[in-house]
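>>> Sequence plus predicted model, see below.
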Amino acid sequence: MRILADQNIPLVDEFFGELGEIRRLPGREIDAQAVAGCDILLVRSITRVDAALLAGSPVRFVGTCTIGTDHIDLDYLHERRIGFASAPGCNADSVVDYVLSSLSMLAEEQDCRLDRCTIGIVGAGNVGGRLWRRLAELGARCLVCDPPRALAENRDDFVDLDAILGEADIICLHTPLVTTGDHPTRHLLDAARIAALRPGTVLLNAGRGDCLDGRALRERLAEHGDLYTVIDVWEHEPAIDEALYSLVDIATPHIAGYSLDGKMRGTELVYQAIMRHFGLPARRKLGQLKPEPWLRKLMLNGWAPPGEALSLCVRACYDVRRDMVGFERYRRRLGMAQAFDRYRGEYPVRREFSTLRVDLKKNNNDLREALERFGFKVRLANKQ
Ligand SMILES: NC(=O)C1=CN([C@@H]2O[C@H](COP(=O)(O)OP(=O)(O)OC[C@H]3O[C@@H](n4cnc5c(N)ncnc54)[C@H](O)[C@@H]3O)[C@@H](O)[C@H]2O)C=CC1
Ligand SMILES: O=C(O)C(=O)[C@H](O)COP(=O)(O)O
């Protein structure tokens with residue numbers, strides 16, 4: 001079989017080498033000519049997969065090593081009986097780590113505590129659901145909006161979006177981009193809702209750029225400057241609105257899910273789906289291929305102050321400031337659009353919180369619980 005893969009997908013040789021010949025291209029260069037001679041197409045979110053790309057090609061299977069599928073014309077694949085797989089949940093923990101790193105940083109700057117905040121979560125799937133669990137365990141009050149789940153599961157513990165806008169100190173957007181049906185998300189946060197945000201609200205978007213009206217946000221920030229914003233996903237990536245970028249507190253180039261663990265898990269999930277589709281045994285396992293993290297453990301004294309020790313572990317494992325500063329450095333050198341893609345292509349290795357083990361020399365329940373709630377593994381060293 002002939003396989004064409006986005007060059008930013010890790011472990012392609014290791015997982016797919018046995019299936020045939022592999023060719024790699026930058027995602028934005030995958031065009032109709034490139035797919036003309038391939039049976040399996042492996043993409044990430046920047047390649048639009050539709051009739052314009054695939055008509056007349058021999059492609060029999062499309063895999064996207066991402067959670068989002070808004071770049072894929074699923075109806076077209078279905079009509080043409082082209083097999084398809086995405087990688088649900090693959091990098092959900094990485095996005096949650098990104099959110100916790102960003103919120104911890106803001107909490108530190110503003111001298112406030114997350115467990116005393118009301119946090120609105122919009123979209124409670126793999127990402128929002130896991131964030132909800134971790135924040136609720138931390139003691140934060142969470143208001144969660146997910147109308148499709150509220151309807152399907154007949155639950156009454158969800159609230160509507162406007163209630164969140166009026167009450168939450170922090171609002172985290174984790175919705176997919178949906179343009180049809182009863183619950184579309186394009187400009188879910190539109191000009192009216194952005195105007196309704198209370199001064200001082202922290203607004204974070206790590207879903208899709210189009211879920212939020214960027215122009216309205218830019219106008220509010222330019223006129224009032226009264227929100228804290230964390231924006232990872234943007235309209236018109238990679239040529240994003242520079243004026244908005246310059247007003248945002250934490251601005252990153254769509255890397256919330258970019259841990260090595262999340263990306264490799266995405267490859268493995270698509271590999272498993274392809275082997276199932278073609279009736280072949282899936283012998284390769286990610287466990288055999290994943291490198292050891294370079295920071296495997298930290299040792300803390302039991303009397304470490306929980307707040308400080310927690311933010312030290314967060315920063316040691318993943319400090320969102322690294323990406324803000326790194327992206328800005330690229331932007332100055334290359335200009336926005338090129339910097340956006342290049343930073344992602346050359347993304348430094350990042351590991352999930354769950355890869356870091358924290359050894360506590362003496363038990364300290366508050367610290368142990370806080371670390372575990374953030375996703376770190378904790379071991380009591382004096383019990384070994
Ligand atoms: N910034 C990044 O690097 C990443 C971004 N993403 C984005 O995050 C999105 C969510 O990821 P998952 O949670 O894994 O997806 P998921 O499919 O598990 O969950 C999405 C949730 O959003 C809900 N939803 C749909 N329409 C809604 C609406 N109008 N209002 C409120 N909730 C609504 C769904 O019912 C579902 O529970 C992805 O579709 C992708 O676009 C995902 C991974 C990385
Ligand atoms: O998984 C998703 O959905 C994402 O948004 C990806 O993490 C984005 O990565 P790329 O597909 O743009 O490399």
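Arrived safely. Ligands and ions are numbered 1, 2, ... in the order given.
>>> C-alpha from now on. contacts and neighbour counts both.
Noted.
>>> wait, what's in contact with the closest residue to Met299 other than its chain neighbours?
Once flanking residues are discounted, Met299 sits nearest to Asp359: 4.7 Å by CA to CA, 6 or more residues apart in numbering. Contacts for Asp359 were tallied using CA atoms under 8 Å, 6 or more residues apart in numbering; they are 297-300, 378-381.
>>> let's see it at 7 Å
If a contact means CA atoms under 7 Å, 6 or more residues apart in numbering, then Asp359 has 298-300, 378-381 as its contacts.
>>> same thing with Phe158?
144-146, 150.
>>> Confirm it sits in a helix?
No: with DSSP: H, G, I helix; E, B strand; the rest coil as the criterion, Phe158 is coil rather than part of a helix.
>>> Can you give me the separation between it and Leu151?
Distance of Phe158 to Leu151, computed by CA to CA, to the nearest Å: 10 Å.
>>> try His78
From His78 to Leu151 the distance is 27 Å (CA to CA).
>>> Which one of the residues in the stretch 201-350 of the chain is closest to ligand 2?
Gly257 (4.4 Å; CA to the nearest ligand atom).
>>> Up against ligand 1, what does the protein have?
67-68, 88-89, 91-92, 95, 122-128, 145-149, 174-177, 183-185, 206-208, 232-233, 254-257 (CA under 6 Å from any ligand atom).
>>> In helices, which of these appear?
Of the residues of the chain next to ligand 1, the ones assigned to helices by DSSP state H are 92, 95, 126-128, 147-149.
>>> Quick check on these: which are buried?
With neighbours counted by 16 or more other CA atoms under 10 Å, these contain buried members at 92, 95, 126-128, 147.
>>> Now distance to Leu74 and pLDDT too, for those residues, in a markdown table please.
Converted to a markdown table, those look like this (distance: CA to CA, whole Å; pLDDT from 0 to 100):
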| residue | distance to Leu74 | pLDDT |
| --- | --- | --- |
| Ala92 | 22 | 98 |
| Val95 | 25 | 98 |
| Asn126 | 21 | 98 |
| Val127 | 22 | 98 |
| Gly128 | 24 | 98 |
| Pro147 | 23 | 97 |
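>>> In the residues you listed, find the pair that's most separated.
Val95 and Pro147 (21.5 Å; CA to CA).
>>> what's the residue positioned nearest the centre of the chain sitting at in phi/psi?
With distances taken as CA atoms, centre = their mean, the residue of the chain nearest its centroid is Gly257 (3.2 Å). Note on Gly257: backbone dihedrals following degrees, to the nearest 10 are phi -100, psi 10.
>>> quick one: it and Arg80, what's the gap?
31 Å.
>>> Met336 now?
37 Å.
>>> For the two, indicate the residue with more neighbours.
Set Met336 next to Arg80 and count neighbours by other CA atoms under 10 Å: Met336 wins out with 22 against 14.
>>> correct me, but the more buried one touches Ala239?
Yes: applying CA atoms under 7 Å, one finds Met336 in contact with Ala239, separated by 6.3 Å.
>>> Which stretches in the stretch 151-300 of the chain count as helices?
For the stretch 151-300 of the chain, the helices defined by DSSP state H, counting those that start in this stretch cover 161-167, 191-196, 214-223, 242-247, 260-277, 286-289.
>>> how far is the fourth one from where the chain is centred?
Relative to the chain's own centre, helix 242-247 is displaced by 21 Å; criterion: CA atoms, centre = their mean, to the nearest Å.
>>> Pull out the buried positions in it.
244-245, 247.
>>> repeat for the shortest one
Residues Leu286 are the ones in helix 286-289 that count as buried (16+ other CA under 10 Å).
>>> What average pLDDT does that helix get?
Mean pLDDT, computed over helix 286-289, is 94.
>>> what's next to it, contact-wise?
By CA under 7 Å, 6+ apart, helix 286-289 touches Glu268.
>>> With just CA atoms, put it into PDB.
In PDB, the C-alpha atoms belonging to helix 286-289 read as follows (Å, rounded to 0.1, in the frame of the first residue of the first chain):
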ATOM      1  CA  LEU A 286       2.800   2.600  21.800                       C
ATOM      2  CA  GLY A 287       4.200   1.400  25.100                       C
ATOM      3  CA  GLN A 288       7.200  -0.100  23.200                       C
ATOM      4  CA  LEU A 289       7.900   3.100  21.300                       C
END
